[in-house]
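Enquirer: need a structure here:
(2 chains)
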Amino acid sequence: MAKLHDTPMLDELEKGPWPSFVTDIKNMAKDGKDACADLLGQLELSYNDKEGHWKHGGIVGVLGYGGGVIGRYSDVPDLFPGVEHFHTLRVNQPASKFYKTERLREIMDIWNRRGSGMLNMHGSTGDIILLGAFTEQLETIFAELTQKGWDLGGSGSALRTPSCCVGKARCEFACIDTQDICYSLTMEYQDELHRPAWPYKFKFKVDGCPNCCVASIARSDCSIIGTWRDDIRIDQKAVAAYVAGELAANGGGHGSKAKLDVQADVVDRCPTQCMALEGNKLSINNAECTRCMHCINMMPRALRPGTDTGATILVGAKAPILEGAQMASVIIPFIKMEEPYEEFKEFVGKMWDWWDENGKNRERIGECIQRLGLSAFLQAVEIEPDPRHVKEPRSNPYIFYKEDEVSGGFERNIEDYRKKHAR
Amino acid sequence: MAEFQANKLTDIGPPKYDEMWPQVIKDNYGKWLYHEILEPGVLVHVSETGAKVWSVRCGATRLMTINFLEDICKIADEFCGGYFRFTTRNNVEFIVSDQAKLEPLKAKLKADGRFPVGGTGASITNIVHTQGWVHCHTPAIDASGVVKAVMDELFEYFGSHKLPAQVRISLACCLNMCGAVHCSDISILGVHRKPPVIEHSHLDKMCEIPTTIAACPTAAIKPAKVDEFKSVSVNVDRCMFCGNCYTMCPAMPLADAAGDGIALWVGGKVSNSKSMPMFSKLAVPYIPNEPPRWPTTVKTVKKIVEVYEANAMKYERIGEWAQRIGWEKFFEKTGLEFSHHHIDDYRFAATTWRTSTQFKW
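Expert: Next up, the predicted model:
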């Protein structure tokens, strides 16, 4: 049994109704994992000091890859030798995070024998994070993982592990095959994922509909969001059932008996005012609809997205470091996303070429676009400007005309000018 | 070793997604007609084939051990044919295709005690978060401990549908925001407030001075000779405590017990439903680190939730509510102090200033 440190502060986190990571890790420490006991010991020290106790970085990895392993060392290894090395391995998760237990146990078995036994299900980007390995174990862990059919995800200035929502596997709103797109991109770009070669990180995320359950619009350099361009499908019988109060609002999200006031809660809240209710009959002026999902969310029995489905592609989201947070901007208003996604991958190639050429060190593509202009980016990826690219046209008059846009070019003779205009 | 390297497998990618699917998911892929939330945390999805699946969503700790994961697997083996899934927000979902298994599954989860059921509809679902003091080298706060303390306090909202709309809470332990918390209904963000302390005697050995200088977004770092050492100086008036210099240069740590703490942000969303996606806005610039249970942070988050619950219209997210009533009313109703720190003075500052005579008293 590993030596448990006194952790009076952390013990306070064993109280309360929410599951306790402290209790869980303590139990594993009692099973003999030194890393678990020492992690809690070091965390208790951090709680006392109000400062973390990990050294800065550490270059470790596995041969052939430039990422997937994050080096980490304790700055108090004499006190907590079990976490002297505490490297993490990012294991690429199956798209949308379904697991067959016998497959997941392959990872758990390797991690029990060769690591701390602690992990994150999952990291923010989506990987399974194996948390806490010693350097000498890394190659063997990697070899054992790959022999069982698991691979590492991305880290550093590389493609990060793509992720997606549950999609058509268990959601009626999904307009695209989120898992297949995610898997196809992951497999196509293994080299970009494992060997950092770019100015900075690059993330793909795939949302099946504009509800954006994986938050692609806020946190991916390239956001793929399912949408449609024909009409919302209406089942008028179900509309009547909602009007009669027989079906719960929002699929029961406000209680299984919550009645829906179709006029007030749906029609009046439509952001484009494109709906009308006459008696039990709902009509939608689809030409005015912006596909926000509110009505569909409220009445999932009565309304469904259209059938001419595809994706809107948005580029450039990121957290604040450095220039400030950005959300992704529309680049391709609509693209059919059909396997093998060639048209999309052609776009990706052009996008990466431009960023690779123009991006500065540690400049995300969104910041690069901000610095050089959305127009420059659209020209690089050969997409015609469209009002859907902006919330509104520019309100400043400083247009950077190119010489070939102006008849006669920029070259002029001052003498010719002076012939007509006295000095 | 040489032979081992020769046989080395690389670039095989993850297992294909459908290897991990139970038969009912394979059979009904793309055929789902609608869903209903039967009670908080329990959903039924109905397929055009007539098939139904019941999903039970449980809150889980993102940081867990393989012991706990094995317990999850055992439940999946017993009730779900050996399959389960995680959601984007670190919840576990057990899915059954036979309604007869639903109640026994729920009873099992309840008896176990580690699997709170909820996180659907107009609830507060699990908090997505980063590593904090458990693994990260740049954090201003812990992550798992703050999340535990906040979720204990908001527990009643996890297993109920009583809010005007869903409330998404996220936590990031520094401005790098690995958790991308900048578009959440409520975000809990670790912040530094002291400029880096410079280790002149080691800086030139540990860091590249040009990339360190280039890393500063406000050009506050300049080369400097200090005693006999080649090092840098920081113009502290320009430092905004982003920590990007420390990311590039380990000889410039920012962490400090008295300087570090939590900022709270509100009103962000990523969904396109009704209103467009929105950034979170600053509600509270600084709350000290108060381990182990961060009582001021917990109390303030709870207060924001309660005022929102009492005042927002049905289906209105926190950001939509604050926008409708006006931010002056948000601060009045929540009793939170509005200070100089709430007025933006970085790149896009002017876009947030009020350029109208429209406001409320």
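Enquirer: any idea which residue sits dead centre in chain B?
Expert: The residue lying closest to the centre of chain B (Cα atoms, centre = their mean) is residue B:170, at 2.4 Å.
Enquirer: tell me the residue of the stretch 251-400 of chain A that sits nearest chain B?
Expert: residue A:253 (2.8 Å; Cβ to the nearest Cβ). All C-beta spots, glycine's among them, are computed from the backbone N, C-alpha and C.
Enquirer: per-residue pLDDT of that residue, please?
Expert: pLDDT for residue A:253: 96.
Enquirer: hmm, back to that, the residue nearest to the centre of chain B sits in which helix or strand?
Expert: strand B:169-172 (DSSP states H and E).
Enquirer: and that strand, what other elements does it pack with?
Expert: helix B:144-153, strand B:186-191 (3 or more Cβ pairs under 8 Å, 6 or more residues apart in numbering or on different chains; DSSP states H and E).
Enquirer: and the ones you listed, which is most packed in?
Expert: Ranked by mean neighbour count, these are led by strand B:186-191 with a mean of 27 (mean count of other Cβ atoms under 10 Å in any protein chain shown).
Enquirer: note down every partner strand of that strand and its orientation.
Expert: strand B:169-172 (parallel), strand B:261-266 (antiparallel) (DSSP bridges).
Enquirer: distance between the first one and the chain's centre?
Expert: Read that as strand B:169-172. On the basis of Cα atoms, centre = their mean, to the nearest Å, strand B:169-172 sits 3 Å off its chain's mean C-alpha point.
Enquirer: list of residues touching it?
Expert: The contact list for strand B:169-172 (Cβ atoms under 8 Å, 6 or more residues apart in numbering or on different chains) reads A:319, B:124, B:127-130, B:143, B:146-147, B:150, B:154, B:178-181, B:184-190, B:301.
Enquirer: run the last query once more with 6 Å
Expert: B:127-130, B:143, B:147, B:179, B:181, B:184, B:186-189 (Cβ atoms under 6 Å, 6 or more residues apart in numbering or on different chains).
Enquirer: up against chain A, what does the stretch 151-300 of chain B have?
Expert: B:151-152, B:155, B:161, B:175-180, B:182-183, B:217, B:244, B:250, B:255, B:257, B:270-274, B:277, B:289, B:291-293 (Cβ under 6 Å from any Cβ of the partner chain).
Enquirer: ChimeraX command for the buried members of those?
Expert: The buried residues among those can be selected in ChimeraX (16 or more other Cβ atoms under 10 Å in any protein chain shown) with this line:
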select /B:151,152,155,161,175,176,177,178,179,180,182,183,217,244,250,255,270,271,272,273,274,277,289,291,292,293
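Enquirer: from the residues of the stretch 151-300 of chain B next to chain A, which land in helices?
Expert: When DSSP state H defines the helices, the subset of those inside them is B:151-152, B:155, B:244.
Enquirer: so which of the helices and strands packed on strand B:169-172 comes closest to residue A:331?
Expert: The closest of the helices and strands packed on strand B:169-172 to residue A:331 is strand B:186-191. By Cβ to Cβ, the value is 26.8 Å.
Enquirer: and the next element down the chain from the closest one?
Expert: Next helix or strand after strand B:186-191 toward the C-terminus (DSSP H and E): helix B:200-206.
Enquirer: got the contact list for that next one?
Expert: Contacts for helix B:200-206 (Cβ under 6 Å, 6+ apart): B:226, B:229-231, B:250-251.
Enquirer: hmm, 8 Å instead?
Expert: Outside helix B:200-206, the residues touching it (Cβ under 8 Å, 6+ apart) are B:199, B:209, B:212, B:226-227, B:229-232, B:249-252.
Enquirer: what comes up buried for it?
Expert: Those would be B:200, B:203, for helix B:200-206 by 16+ other Cβ under 10 Å.
Enquirer: for that helix, list the C-alpha coordinates in CSV.
Expert: In CSV, the C-alpha atoms belonging to helix B:200-206 read as follows (Å, rounded to 0.1, in the frame of the first residue of the first chain):
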residue,chain,number,x,y,z
HIS,B,200,18.1,37.2,-14.3
SER,B,201,20.8,34.7,-13.4
HIS,B,202,19.2,31.9,-15.4
LEU,B,203,17.1,33.6,-18.1
ASP,B,204,19.6,33.5,-20.9
LYS,B,205,20.3,29.8,-20.2
MET,B,206,16.6,28.8,-20.1
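Enquirer: against which helices or strands is the helix or strand that that helix is followed by packed?
Expert: Later in the chain than helix B:200-206, the nearest helix or strand by DSSP H and E is helix B:209-215. For helix B:209-215, the packing partners by 3+ Cβ pairs under 8 Å, 6+ apart come out as strand B:221-226, strand B:229-234, helix B:244-248.
Enquirer: thinking again about what came up before, dump the strands paired with strand B:186-191 into JSON lines; add mean pLDDT as well.
Expert: Converted to JSON lines, the strands paired with strand B:186-191 look like this (pLDDT from 0 to 100):
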{"stretch": "strand B:169-172", "mean pLDDT": "98"}
{"stretch": "strand B:261-266", "mean pLDDT": "98"}
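Enquirer: buried deepest among those, which one?
Expert: The highest average neighbour count among these, using mean count of other Cβ under 10 Å, belongs to strand B:169-172 at a mean of 27.
Enquirer: ok, now which ones touch residue B:61?
Expert: Contacts for residue B:61 (Cβ under 8 Å, 6+ apart) come out as A:19-21, A:24, B:68, B:90, B:144, B:148.
Enquirer: ok, so of those residues, who is nearest residue A:40?
Expert: Nearest member of those to residue A:40, counting by Cβ to Cβ, is residue A:21, at 9.7 Å.
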